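Student: okay, structure incoming, though there's no sequence with it:
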């Protein structure tokens, strides 16, 4: 055999030997990996056997200790967040972790494991309390990335079941003191089908806790605290244990102060500018009065957009209405002043006596246009007016048109006011009355 042939034979034998060794290593690796994956631990085998044994003859349709004693369910809440609160829909949103604990003797077991921590796959295989939230409009449970449910079973049959919920609950807001109102929004839950003689709810120790409030969306409210109560409600189906958690909220006034109160006050103050404008400037005073009235109308309509259509008067409605009345009164003040000014220029008393005029006098009668320049006529006219006024014929109310009317026996019980100085009176009356109203308003709603 030639050397070349021997070389080929040796090369083929080496390649064959290497391939066989690689195949043996792969088989060994595969055997080890499969054995590691398929060989269960002793603890896992024990948990599986315990669950299989517990559920072998378990009937989840029946509550624990049925026909013997009522099932006691201890409840607790962890509040993740509250808000937002809707005043228009009268509801609020809350995110909670709801925990229930009860004892089911059918799930007690003997073993080295004192507790079994299970996921949501086990929830549908055992009996659960039929708890409902009575004042919820809608509720959602969280399913991302897996159902947010926890189930723990102790060896003595004690069970802990928790789940995360987001609830839109009803809260009947009493808006009489809006926007200085405070509310207690309830979260009410009970059993749907089991009356008190079959299932009883109890609060656990430290049963209601609140998480960090930095993530809460209480934009217009401050969280003042919470409290829990236990009641019994009577229905046609029996007596049920009613569990309630109250969340105390206080409204913040910052938004409404900037959007409503300050503009209303400034509009009322702006309407007083007309008292310092001459009464002859009719276009300026009329335009200013109408503008302030329309501004108050707009502010009144905007203030109601953040409220439901309640039939009673709120604190904000009262303030806006009074501000509107002040603005409207300022406009009416100029209308009264303008009317009185024009009336003072027009003679209203009787004609002067014509005894001073001769029958043979060929001049025009006193009421003619030519007589307007006759000083004798106007002297007689003023005497007649003063005589009528002093006689009580022209002053039937407490408003007088002549200074002479200040005296006289007829003036008893009357007050002399000069309507031509109505602006001077208004400069004092309007600011003083508005200041008194604000003192009574803010003290009454904030401190009483």
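Tutor: Everything's here; your move. Bear in mind that the values here come from a model prediction, so they are computed numbers and not experimental data. Numbering: from 1, shown residues only.

Student: quick one, phi psi at the most centrally placed residue in the chain?
Tutor: Centroid-nearest residue in the chain: residue 87, 3.7 Å away (criterion: CA atoms, centre = their mean). Main-chain torsions, residue 87, degrees, to the nearest 10: phi -70, psi -30.

Student: for residue 441, see how far away residue 296 is.
Tutor: 16 Å (CB to CB, to the nearest Å). Glycine gets a C-beta too; all of them are placed from N, C-alpha and C.

Student: between the two, which one's more packed in?
Tutor: Set residue 296 next to residue 441 and count neighbours by other CB atoms under 10 Å: residue 296 wins out with 23 against 14.

Student: sec struct for the more buried one, please.
Tutor: helix (DSSP: H, G, I helix; E, B strand; the rest coil).

Student: show me the strands in the protein, by range?
Tutor: For the chain, strands defined by DSSP state E occupy the ranges 71-86, 91-103, 115-118, 131-133, 136-141, 149-154, 158-170, 182-191, 199-210, 221-235, 238-251.

Student: looking at these, which is nearest to residue 329?
Tutor: Closest to residue 329 of those, according to CB to CB: strand 238-251, at 30.8 Å.

Student: look at the nearest residue to residue 138 once chain neighbours are set aside and report its pLDDT.
Tutor: In space, and not counting its chain neighbours, residue 138 is closest to residue 168: 5.2 Å by CB to CB, 6 or more residues apart in numbering. For residue 168, the model assigns a pLDDT of 97.

Student: what do you get for residue 123?
Tutor: So, for residue 123, pLDDT stands at 91.

Student: begin at 587, not 1, for the rest of this chat.
Tutor: Renumbered: residue one is now 587, and that last one reads residue 709.

Student: which ones are touching it?
Tutor: By CB atoms under 8 Å, 6 or more residues apart in numbering, the residues touching residue 709 are 733, 735, 737, 747.

Student: if we can go back for a sec, I'd say the residue nearest to the centre of the chain and residue 891 touch.
Tutor: No. Residue 673 lies out of contact with residue 891 (CB atoms under 8 Å); the separation is 10.7 Å.

Student: re earlier: got a list of what the residue nearest to the centre of the chain touches?
Tutor: Going by CB under 8 Å, 6+ apart, residue 673 touches 759, 761, 764, 892, 893, 894.

Student: show me the shaky parts of this structure.
Tutor: Low-confidence segments of the chain, defined by pLDDT under 70: 587-631, 930-1005.

Student: return the distance of stretch 1019-1029 from the chain's centre.
Tutor: Offset of stretch 1019-1029 from its chain centre (CA atoms, centre = their mean, to the nearest Å): 25 Å.

Student: what's it in contact with?
Tutor: Residues from elsewhere that reach stretch 1019-1029, judged by CB under 8 Å, 6+ apart: 851, 854, 901, 904, 905, 908, 912.

Student: restricted to helices, list the residues you listed.
Tutor: If you go by DSSP state H, these have 851, 854, 901, 904, 905, 908, 912 in helices.

Student: out of the residues you listed, which is most surrounded?
Tutor: residue 854 (24 neighbours).

Student: my guess is residue 1006 meets residue 925, correct?
Tutor: No. Contact between residue 1006 and residue 925 fails when scored by CB under 8 Å: they sit 11.4 Å apart.

Student: need the contact list for the nearest residue to residue 663 once chain neighbours are set aside.
Tutor: The spatial neighbour of residue 663 that comes closest, neighbours along the chain excluded (CB to CB, 6+ apart), is residue 794 at 4.8 Å. Contacts here follow CB under 8 Å, 6+ apart; on that basis residue 794 touches 662, 663, 665, 812, 814, 831.

Student: which among the residues you listed gets closest to residue 860?
Tutor: Distances from residue 860 to these, taken by CB to CB, are shortest for residue 812, at 52.7 Å.

Student: so that closest one touches residue 795, yeah?
Tutor: No. The criterion here is CB under 8 Å, and residue 812 misses it with residue 795 at 9.2 Å.

Student: where do the contact lists of those two overlap?
Tutor: residue 665.

Student: of those two, who's got more company?
Tutor: Between residue 812 and residue 795, counted using other CB under 10 Å, residue 812 has the larger neighbour count: 18 against 11.

Student: so how far is residue 842 from the residue lying closest to the more buried one once chain neighbours are set aside?
Tutor: Counting by CB to CB, 6+ apart, residue 833 is the residue found nearest to residue 812 once chain neighbours are left out, at 5.2 Å. Shown here: residue 833 relative to residue 842, a distance of 22 Å by CB to CB.
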